[in-house]
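Peer 1: output the structure for:
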Amino acid sequence: MTDPREAAARYRARQQQEDSEEDAESGSAPGIAAATDRAAFIETAIQVAIRRGDFDDLPGAGKPLEGLGTHHDPDWWIRRKIESENLTGLGPPAILLRAEDRELDDQLDLLGREADVREVLVDFNRRVIEARRQLQGGPPVVTSPRDIDASVSAWAERRAARFAAAAAEAPERPARRRFGSRRRS
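Peer 2: Below is the predicted model of the structure:
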């Protein structure tokens, strides 16, 4: 059983299509009436779907939208997709560099030599500057290059604090006898 309003909307849509075909053949531009008919058709189709109950019990109904009210991010959808699926290594350079910048201190803490820390920081800064130079579109690169000397000194301070904490937690060991240190008589 079809709804009479839906049938009327379909009729108007067919008429509009025929009118637009005639306009295309004659070379004239479609009028404002065509746009008004299209809007009326869409509104009627929505009202019919509401009465049928097509929009009842949708997931998330009555719940607030996630992330609403925070800062405006035009690329929220790709960021959410990357986060929800734990994707790594793909996406716009701006997003990848932001994520790497957040985790860079933890990665640096795994390194044991200052030369290695400096090498990682130089590579990171090179990729940030390279991403800023490219005009491929996507979100803007807002990640700043790191100050290498300040980052190295912060790494050294964190490392010294870790060693001091480990030394404080370690129990004192008794003095060990050296092998072969007994006197022979």
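
Peer 1: only C-alpha atoms for contact and neighbour calcs from this point on.
Peer 2: OK.

Peer 1: distance of the spatially most central residue of the chain from residue 3?
Peer 2: By CA atoms, centre = their mean, the chain has its centre lying nearest to residue 79, at 1.6 Å. Distance of residue 79 to residue 3, given as CA to CA, to the nearest Å: 42 Å.

Peer 1: now the helix or strand where residue 35 lies: average pLDDT?
Peer 2: Here residue 35 sits within helix 32-52, counting by DSSP states H and E. Helix 32-52 comes out with an average pLDDT of 82.

Peer 1: buried ones in the helix or strand just after that helix?
Peer 2: The C-terminal neighbour of helix 32-52 among helices and strands, as given by DSSP H and E, is helix 76-84. Neighbour counts over helix 76-84 (16 or more other CA atoms under 10 Å) mark 79, 82 as buried.

Peer 1: list the helices and strands helix 76-84 packs on?
Peer 2: Of the remaining helices and strands, none touches helix 76-84 by 3 or more CA pairs under 8 Å, 6 or more residues apart in numbering; DSSP states H and E.

Peer 1: so where's the chain shaky on pLDDT?
Peer 2: Low-confidence segments of the chain (pLDDT under 70): 1-2, 23-34, 67-70, 135-137, 173-185.

Peer 1: what segments of the chain are helices?
Peer 2: Taking DSSP state H as the criterion, the chain carries its helices at 4-26, 32-52, 76-84, 93-109, 114-133, 148-169.

Peer 1: in a markdown table: the ones you listed, plus distance to residue 63.
Peer 2: Converted to a markdown table, those look like this (distance: least, CA to CA, whole Å):
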| stretch | distance to residue 63 |
| --- | --- |
| helix 4-26 | 30 |
| helix 32-52 | 19 |
| helix 76-84 | 18 |
| helix 93-109 | 28 |
| helix 114-133 | 38 |
| helix 148-169 | 43 |
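
Peer 1: what's the closest of those helices to residue 142?
Peer 2: Residue 142 lies closest to helix 93-109 among those, at 7.1 Å (CA to CA).

Peer 1: which elements pack onto the closest one?
Peer 2: Under the contact definition 3+ CA pairs under 8 Å, 6+ apart, helix 93-109 sits against helix 114-133, helix 148-169.
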